[in-house]
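> Here's my sequence, what's the structure:
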Amino acid sequence: MANRTIPVVNLSEFTDGDAKKRAAFVDKLGEAFHSIGFVGVTGHGISKDLIDGFYTAAKKFFAQDVKLKRKYEVPGLAGQRGYTSFGKEHAKQSDVPDLKEFFQMGQEVEDGDAIKSQYPDNVKVAEVPEFYAKGRELYQEFERAGTELLRAIAIYLDLGEDYFDKKIHNGNSILRAIHYPPITREPDSAIRAEQHEDINLITLLVGASAGGLELLNMDDEWMAITPEEDEIVINVGDMLQRLTNNYLKSTTHRVVNPPREEWHKPRLSIPFFLHPRSEMDLTVLDKCVTDERPQAYEPITAGGYLDERLREIGLKK
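I've put the predicted structure just below:
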(Lines give C-alpha, C1' and ligand atoms only; values in the text may rest on other atoms or scores of the structure.)
Protein backbone atom coordinates (compact mmCIF):
# COMPACT_ATOMS: atom_id res chain seq x y z
CA MET A 1 0.00 0.00 0.00
CA ALA A 2 3.03 2.29 0.32
CA ASN A 3 3.05 3.27 -3.35
CA ARG A 4 -0.62 4.17 -3.64
CA THR A 5 -1.44 7.17 -5.84
CA ILE A 6 -4.63 7.98 -3.92
CA PRO A 7 -5.62 7.57 -0.26
CA VAL A 8 -8.26 5.02 0.75
CA VAL A 9 -11.17 5.41 3.21
CA ASN A 10 -13.69 2.92 4.57
CA LEU A 11 -17.27 4.19 4.13
CA SER A 12 -18.65 1.88 6.84
CA GLU A 13 -16.72 3.96 9.39
CA PHE A 14 -19.01 6.86 8.45
CA THR A 15 -22.29 4.94 8.04
CA ASP A 16 -21.85 2.60 11.04
CA GLY A 17 -19.05 4.11 13.12
CA ASP A 18 -19.14 6.05 16.39
CA ALA A 19 -18.71 9.84 16.50
CA LYS A 20 -14.91 9.57 16.58
CA LYS A 21 -14.73 7.25 13.55
CA ARG A 22 -17.20 9.39 11.62
CA ALA A 23 -15.20 12.56 12.31
CA ALA A 24 -11.96 10.86 11.23
CA PHE A 25 -13.63 9.66 8.01
CA VAL A 26 -14.95 13.15 7.22
CA ASP A 27 -11.48 14.68 7.70
CA LYS A 28 -9.73 12.06 5.58
CA LEU A 29 -12.28 12.24 2.75
CA GLY A 30 -12.32 16.05 2.78
CA GLU A 31 -8.54 16.28 2.79
CA ALA A 32 -8.31 13.83 -0.14
CA PHE A 33 -10.86 15.83 -2.15
CA HIS A 34 -9.05 19.08 -1.34
CA SER A 35 -5.50 17.94 -2.01
CA ILE A 36 -5.82 15.39 -4.83
CA GLY A 37 -9.49 15.21 -5.89
CA PHE A 38 -9.51 11.39 -5.83
CA VAL A 39 -9.99 8.74 -3.16
CA GLY A 40 -10.43 4.96 -2.99
CA VAL A 41 -13.45 3.75 -0.99
CA THR A 42 -13.91 0.35 0.64
CA GLY A 43 -16.78 -0.69 2.95
CA HIS A 44 -19.30 0.72 0.44
CA GLY A 45 -21.69 -2.22 0.72
CA ILE A 46 -22.15 -2.71 -3.04
CA SER A 47 -22.14 -6.44 -3.66
CA LYS A 48 -19.45 -7.97 -5.85
CA ASP A 49 -22.04 -10.31 -7.35
CA LEU A 50 -24.10 -7.33 -8.55
CA ILE A 51 -21.05 -5.60 -10.04
CA ASP A 52 -19.91 -8.82 -11.73
CA GLY A 53 -23.43 -9.46 -13.02
CA PHE A 54 -23.61 -6.02 -14.60
CA TYR A 55 -20.12 -6.43 -16.13
CA THR A 56 -21.17 -9.73 -17.69
CA ALA A 57 -24.37 -8.22 -19.11
CA ALA A 58 -22.49 -5.19 -20.46
CA LYS A 59 -19.89 -7.42 -22.15
CA LYS A 60 -22.73 -9.39 -23.73
CA PHE A 61 -24.32 -6.19 -25.07
CA PHE A 62 -21.08 -4.73 -26.50
CA ALA A 63 -20.29 -8.09 -28.16
CA GLN A 64 -23.41 -7.69 -30.33
CA ASP A 65 -23.22 -6.68 -33.97
CA VAL A 66 -22.80 -2.90 -34.53
CA LYS A 67 -26.02 -2.79 -36.54
CA LEU A 68 -27.94 -4.24 -33.60
CA LYS A 69 -26.31 -1.90 -31.07
CA ARG A 70 -27.19 1.11 -33.23
CA LYS A 71 -30.84 0.13 -32.87
CA TYR A 72 -30.46 1.37 -29.28
CA GLU A 73 -28.96 4.75 -30.20
CA VAL A 74 -31.59 7.46 -29.58
CA PRO A 75 -31.31 10.55 -31.84
CA GLY A 76 -31.56 13.95 -30.15
CA LEU A 77 -30.78 12.73 -26.61
CA ALA A 78 -27.08 13.70 -26.61
CA GLY A 79 -26.23 10.16 -25.52
CA GLN A 80 -28.05 10.61 -22.20
CA ARG A 81 -29.93 7.31 -22.62
CA GLY A 82 -29.10 4.17 -24.55
CA TYR A 83 -26.18 3.52 -26.84
CA THR A 84 -23.57 5.95 -28.19
CA SER A 85 -21.50 4.51 -31.00
CA PHE A 86 -17.72 4.46 -31.31
CA GLY A 87 -16.00 7.79 -32.01
CA LYS A 88 -18.82 10.20 -31.03
CA GLU A 89 -17.40 11.77 -27.84
CA HIS A 90 -14.20 13.77 -27.46
CA ALA A 91 -12.56 15.75 -24.63
CA LYS A 92 -13.44 19.47 -24.73
CA GLN A 93 -9.92 20.53 -25.77
CA SER A 94 -9.58 17.81 -28.44
CA ASP A 95 -11.09 17.24 -31.89
CA VAL A 96 -10.02 13.59 -31.98
CA PRO A 97 -12.77 11.23 -30.76
CA ASP A 98 -12.03 8.90 -27.84
CA LEU A 99 -11.57 5.20 -28.66
CA LYS A 100 -14.78 4.06 -27.00
CA GLU A 101 -18.48 3.29 -27.30
CA PHE A 102 -20.87 3.45 -24.34
CA PHE A 103 -24.37 2.89 -23.00
CA GLN A 104 -26.12 5.15 -20.45
CA MET A 105 -28.95 4.65 -17.96
CA GLY A 106 -30.55 7.47 -16.01
CA GLN A 107 -32.93 8.35 -13.20
CA GLU A 108 -36.30 6.66 -12.81
CA VAL A 109 -38.70 8.69 -10.68
CA GLU A 110 -41.06 6.57 -8.56
CA ASP A 111 -42.50 9.01 -6.02
CA GLY A 112 -44.69 11.27 -8.17
CA ASP A 113 -42.03 14.00 -8.32
CA ALA A 114 -42.83 16.43 -11.18
CA ILE A 115 -39.18 16.27 -12.26
CA LYS A 116 -40.06 12.98 -13.98
CA SER A 117 -41.13 14.98 -17.06
CA GLN A 118 -37.50 16.15 -17.52
CA TYR A 119 -36.10 12.65 -17.89
CA PRO A 120 -36.35 10.45 -20.97
CA ASP A 121 -37.16 6.77 -20.46
CA ASN A 122 -34.35 4.29 -20.08
CA VAL A 123 -33.60 2.06 -23.05
CA LYS A 124 -34.08 -1.68 -22.55
CA VAL A 125 -32.12 -4.12 -24.70
CA ALA A 126 -34.38 -6.97 -25.81
CA GLU A 127 -31.42 -9.26 -26.60
CA VAL A 128 -29.82 -8.79 -23.14
CA PRO A 129 -32.70 -8.17 -20.65
CA GLU A 130 -30.41 -8.54 -17.63
CA PHE A 131 -28.39 -5.51 -18.79
CA TYR A 132 -31.19 -3.14 -17.76
CA ALA A 133 -32.24 -5.17 -14.69
CA LYS A 134 -28.72 -5.30 -13.20
CA GLY A 135 -28.04 -1.69 -14.27
CA ARG A 136 -31.12 -0.43 -12.44
CA GLU A 137 -30.05 -2.22 -9.27
CA LEU A 138 -26.47 -0.96 -9.50
CA TYR A 139 -27.71 2.61 -10.18
CA GLN A 140 -29.65 2.57 -6.89
CA GLU A 141 -26.67 1.17 -4.98
CA PHE A 142 -24.38 3.86 -6.37
CA GLU A 143 -26.94 6.52 -5.43
CA ARG A 144 -27.03 5.20 -1.86
CA ALA A 145 -23.23 5.18 -1.47
CA GLY A 146 -22.88 8.54 -3.23
CA THR A 147 -25.44 10.14 -0.92
CA GLU A 148 -23.41 9.05 2.13
CA LEU A 149 -20.18 10.43 0.63
CA LEU A 150 -21.85 13.79 -0.05
CA ARG A 151 -23.19 13.85 3.52
CA ALA A 152 -19.61 13.47 4.76
CA ILE A 153 -18.46 16.25 2.40
CA ALA A 154 -21.28 18.52 3.59
CA ILE A 155 -20.07 18.02 7.17
CA TYR A 156 -16.48 18.72 6.08
CA LEU A 157 -17.60 21.99 4.44
CA ASP A 158 -19.66 22.85 7.55
CA LEU A 159 -22.90 23.02 5.55
CA GLY A 160 -24.92 20.60 7.71
CA GLU A 161 -25.07 16.87 6.93
CA ASP A 162 -28.25 17.02 4.83
CA TYR A 163 -27.15 19.95 2.60
CA PHE A 164 -27.10 17.84 -0.58
CA ASP A 165 -29.98 15.44 0.22
CA LYS A 166 -32.84 17.35 -1.43
CA LYS A 167 -30.59 18.66 -4.19
CA ILE A 168 -29.69 15.14 -5.35
CA HIS A 169 -33.06 13.46 -4.66
CA ASN A 170 -34.22 12.23 -8.12
CA GLY A 171 -31.11 13.93 -9.51
CA ASN A 172 -29.96 13.66 -13.10
CA SER A 173 -27.34 10.97 -12.37
CA ILE A 174 -26.02 8.64 -15.06
CA LEU A 175 -24.74 5.07 -14.98
CA ARG A 176 -22.43 4.57 -17.96
CA ALA A 177 -20.99 1.31 -19.24
CA ILE A 178 -17.94 2.18 -21.40
CA HIS A 179 -16.40 -0.30 -23.82
CA TYR A 180 -12.95 0.36 -25.24
CA PRO A 181 -12.59 -2.20 -28.06
CA PRO A 182 -9.28 -3.89 -28.85
CA ILE A 183 -6.91 -1.56 -30.72
CA THR A 184 -6.36 -2.97 -34.21
CA ARG A 185 -4.04 -0.35 -35.76
CA GLU A 186 -1.86 2.59 -34.75
CA PRO A 187 -4.38 5.15 -33.37
CA ASP A 188 -4.58 8.66 -34.91
CA SER A 189 -3.12 10.32 -31.80
CA ALA A 190 -6.24 9.37 -29.84
CA ILE A 191 -6.03 7.49 -26.59
CA ARG A 192 -8.85 5.49 -25.08
CA ALA A 193 -10.11 8.58 -23.24
CA GLU A 194 -8.25 11.88 -23.66
CA GLN A 195 -7.49 13.96 -20.55
CA HIS A 196 -10.65 15.52 -19.10
CA GLU A 197 -12.49 16.47 -15.93
CA ASP A 198 -15.95 15.14 -15.05
CA ILE A 199 -18.97 17.45 -15.22
CA ASN A 200 -20.98 16.25 -12.19
CA LEU A 201 -20.72 16.51 -8.37
CA ILE A 202 -18.80 13.25 -7.79
CA THR A 203 -18.04 10.16 -9.89
CA LEU A 204 -18.04 6.63 -8.48
CA LEU A 205 -16.08 4.12 -10.57
CA VAL A 206 -16.00 0.36 -10.01
CA GLY A 207 -12.80 -1.40 -11.02
CA ALA A 208 -12.24 -1.55 -14.76
CA SER A 209 -11.49 -4.84 -16.52
CA ALA A 210 -8.03 -3.50 -17.47
CA GLY A 211 -5.68 -0.76 -16.27
CA GLY A 212 -5.10 2.59 -17.93
CA LEU A 213 -6.68 5.17 -15.61
CA GLU A 214 -4.26 7.99 -14.72
CA LEU A 215 -4.57 11.30 -12.88
CA LEU A 216 -2.54 14.47 -13.30
CA ASN A 217 -0.99 15.44 -9.96
CA MET A 218 -0.05 18.90 -8.64
CA ASP A 219 3.45 18.53 -10.11
CA ASP A 220 2.00 17.98 -13.59
CA GLU A 221 2.93 14.28 -13.56
CA TRP A 222 0.64 11.48 -14.76
CA MET A 223 0.11 8.86 -12.05
CA ALA A 224 -1.53 5.45 -12.59
CA ILE A 225 -4.53 4.63 -10.38
CA THR A 226 -4.73 0.93 -9.58
CA PRO A 227 -7.58 0.19 -7.17
CA GLU A 228 -7.46 -2.83 -4.88
CA GLU A 229 -10.07 -5.57 -5.07
CA ASP A 230 -13.50 -4.34 -3.86
CA GLU A 231 -12.47 -0.68 -3.97
CA ILE A 232 -14.44 2.06 -5.70
CA VAL A 233 -12.54 5.07 -7.03
CA ILE A 234 -14.28 8.40 -6.31
CA ASN A 235 -13.38 11.73 -7.82
CA VAL A 236 -14.62 15.30 -7.53
CA GLY A 237 -16.50 16.65 -10.56
CA ASP A 238 -16.56 20.20 -11.91
CA MET A 239 -19.91 21.03 -10.26
CA LEU A 240 -18.50 20.39 -6.78
CA GLN A 241 -15.28 22.23 -7.66
CA ARG A 242 -17.37 25.17 -8.89
CA LEU A 243 -19.61 25.20 -5.80
CA THR A 244 -16.54 25.24 -3.53
CA ASN A 245 -14.65 27.84 -5.62
CA ASN A 246 -11.82 25.36 -6.43
CA TYR A 247 -11.36 24.35 -2.78
CA LEU A 248 -12.30 20.77 -3.70
CA LYS A 249 -10.42 19.72 -6.83
CA SER A 250 -11.84 18.28 -10.03
CA THR A 251 -8.62 16.58 -11.10
CA THR A 252 -7.69 15.99 -14.75
CA HIS A 253 -7.59 12.29 -15.63
CA ARG A 254 -7.43 10.06 -18.71
CA VAL A 255 -7.44 6.44 -19.87
CA VAL A 256 -4.26 5.58 -21.76
CA ASN A 257 -3.81 2.86 -24.34
CA PRO A 258 -2.28 -0.39 -23.09
CA PRO A 259 1.19 -1.53 -24.14
CA ARG A 260 1.19 -2.83 -27.74
CA GLU A 261 1.31 -6.47 -26.58
CA GLU A 262 -2.05 -5.89 -24.86
CA TRP A 263 -3.77 -4.07 -27.72
CA HIS A 264 -5.93 -7.15 -28.30
CA LYS A 265 -7.54 -6.76 -24.86
CA PRO A 266 -10.76 -4.75 -24.68
CA ARG A 267 -11.47 -2.63 -21.59
CA LEU A 268 -14.80 -2.25 -19.82
CA SER A 269 -15.36 0.48 -17.26
CA ILE A 270 -18.44 1.39 -15.19
CA PRO A 271 -18.60 4.97 -13.87
CA PHE A 272 -21.61 6.47 -12.07
CA PHE A 273 -21.83 10.24 -12.56
CA LEU A 274 -23.73 11.63 -9.58
CA HIS A 275 -25.63 14.74 -10.68
CA PRO A 276 -28.01 16.96 -8.72
CA ARG A 277 -31.43 18.08 -9.92
CA SER A 278 -31.11 20.54 -12.79
CA GLU A 279 -32.41 23.46 -10.70
CA MET A 280 -29.59 23.19 -8.13
CA ASP A 281 -27.85 26.55 -7.79
CA LEU A 282 -24.10 26.17 -8.34
CA THR A 283 -23.33 29.72 -7.21
CA VAL A 284 -20.05 29.64 -5.29
CA LEU A 285 -20.54 29.17 -1.53
CA ASP A 286 -19.80 32.39 0.37
CA LYS A 287 -17.64 30.52 2.86
CA CYS A 288 -15.35 29.38 0.01
CA VAL A 289 -14.58 32.93 -1.15
CA THR A 290 -11.57 34.56 0.56
CA ASP A 291 -9.00 37.23 -0.25
CA GLU A 292 -6.59 34.49 -1.37
CA ARG A 293 -9.36 32.68 -3.25
CA PRO A 294 -11.57 35.31 -4.93
CA GLN A 295 -14.79 34.14 -6.59
CA ALA A 296 -13.77 32.24 -9.74
CA TYR A 297 -17.17 31.47 -11.31
CA GLU A 298 -20.36 33.21 -12.43
CA PRO A 299 -23.65 31.88 -10.98
CA ILE A 300 -25.26 29.05 -13.01
CA THR A 301 -27.67 26.17 -12.39
CA ALA A 302 -26.61 22.53 -12.64
CA GLY A 303 -28.87 22.10 -15.69
CA GLY A 304 -27.41 25.14 -17.45
CA TYR A 305 -23.88 23.97 -16.75
CA LEU A 306 -24.54 20.41 -17.96
CA ASP A 307 -26.01 21.74 -21.20
CA GLU A 308 -22.95 23.92 -21.80
CA ARG A 309 -20.54 21.03 -21.22
CA LEU A 310 -22.42 18.49 -23.38
CA ARG A 311 -21.99 20.88 -26.30
CA GLU A 312 -18.27 21.26 -25.59
CA ILE A 313 -17.66 17.50 -25.71
CA GLY A 314 -19.63 17.00 -28.91
CA LEU A 315 -22.61 15.03 -27.56
CA LYS A 316 -25.05 17.92 -27.98
CA LYS A 317 -25.28 19.96 -31.16
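> quick one: stretch 5-23 to chain centroid distance?
21 Å (CA atoms, centre = their mean, to the nearest Å).
> Can you mark which positions in that stretch are buried?
Across stretch 5-23, burial judged by 16 or more other CB atoms under 10 Å covers 5-6, 8-15, 17, 22-23. To be clear about C-beta, it is placed using only N, CA and C from the backbone, and glycine gets the same treatment.
> Which parts of the stretch 101-250 of the chain are helices?
129-156, 165-168, 238-243 (DSSP state H, counting those that start in this stretch).
> TSV for these, including mean pLDDT?
Shown next, in TSV, are the helices of the stretch 101-250 of the chain (pLDDT from 0 to 100):
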stretch	mean pLDDT
helix 129-156	98
helix 165-168	98
helix 238-243	97
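> Out of the buried residues of stretch 5-23, list just those in strands.
Within the buried residues of stretch 5-23, residues falling in strands by DSSP state E are 8-10.
> Looking at those, spot the one nearest residue 239.
Of all these, residue 9 has the smallest distance to residue 239: 21.2 Å, by CB to CB.
> residues contacting the closest one?
Counting by CB atoms under 8 Å, 6 or more residues apart in numbering, residue 9 makes contact with 25, 28-29, 32, 39-42.
> can you tell me which of the ones in strands among the buried residues of stretch 5-23 lies nearest to residue 64?
residue 8 (36.4 Å).
> Go ahead and confirm that closest one touches residue 39.
Yes. Shown here, residue 8 and residue 39 form a contact pair, counting by CB atoms under 8 Å, at 7.0 Å.
> Save the buried residues of stretch 5-23 as a markdown table, and put in pLDDT too.
Shown next, in a markdown table, are the buried residues of stretch 5-23 (pLDDT from 0 to 100):
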| residue | pLDDT |
| --- | --- |
| 5 | 85 |
| 6 | 92 |
| 8 | 95 |
| 9 | 96 |
| 10 | 97 |
| 11 | 98 |
| 12 | 98 |
| 13 | 98 |
| 14 | 98 |
| 15 | 97 |
| 17 | 96 |
| 22 | 98 |
| 23 | 98 |
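> Including distance to residue 111, could the residues you listed go into CSV?
Formatted as CSV, the buried residues of stretch 5-23 follow (distance: CB to CB, whole Å):
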residue, distance to residue 111
5, 40
6, 36
8, 35
9, 31
10, 31
11, 25
12, 28
13, 30
14, 26
15, 23
17, 30
22, 29
23, 33
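> and the nearest residue to residue 15 once chain neighbours are set aside, what is it in contact with?
Excluding the flanking residues, the one nearest residue 15 by CB to CB, 6 or more residues apart in numbering is residue 148, at 5.6 Å. Taking CB under 8 Å, 6+ apart, we find residue 148 in contact with 11, 14-15.
> Make TSV from these and add distance to residue 72 to it.
Compiled in TSV, the contacts of residue 148 are given as follows (distance: CB to CB, whole Å):
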residue	distance to residue 72
11	33
14	38
15	36
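> so how far is residue 265 from residue 155?
41 Å (CB to CB, to the nearest Å).
> Then residue 121?
For residue 121, the distance to residue 265 (CB to CB) stands at 34 Å.
> Comparing the two, which shows the higher neighbour count?
Relative neighbour count places residue 265 above the other of residue 121 and residue 265, with 14 against 10, counting by other CB atoms under 10 Å.
> next one: phi and psi at the more buried one?
Backbone torsions of residue 265, given as degrees, to the nearest 10, read phi -90, psi 130.
> That one is in contact with residue 182, isn't it?
Yes. Contact criterion CB under 8 Å: residue 265 and residue 182 qualify, at 6.4 Å.
> Where does the prediction get shaky in the stretch 201-317 of the chain?
Regions of the stretch 201-317 of the chain meeting the criterion pLDDT under 70 cover residues 207-211, 257-259, 313, 315-317.
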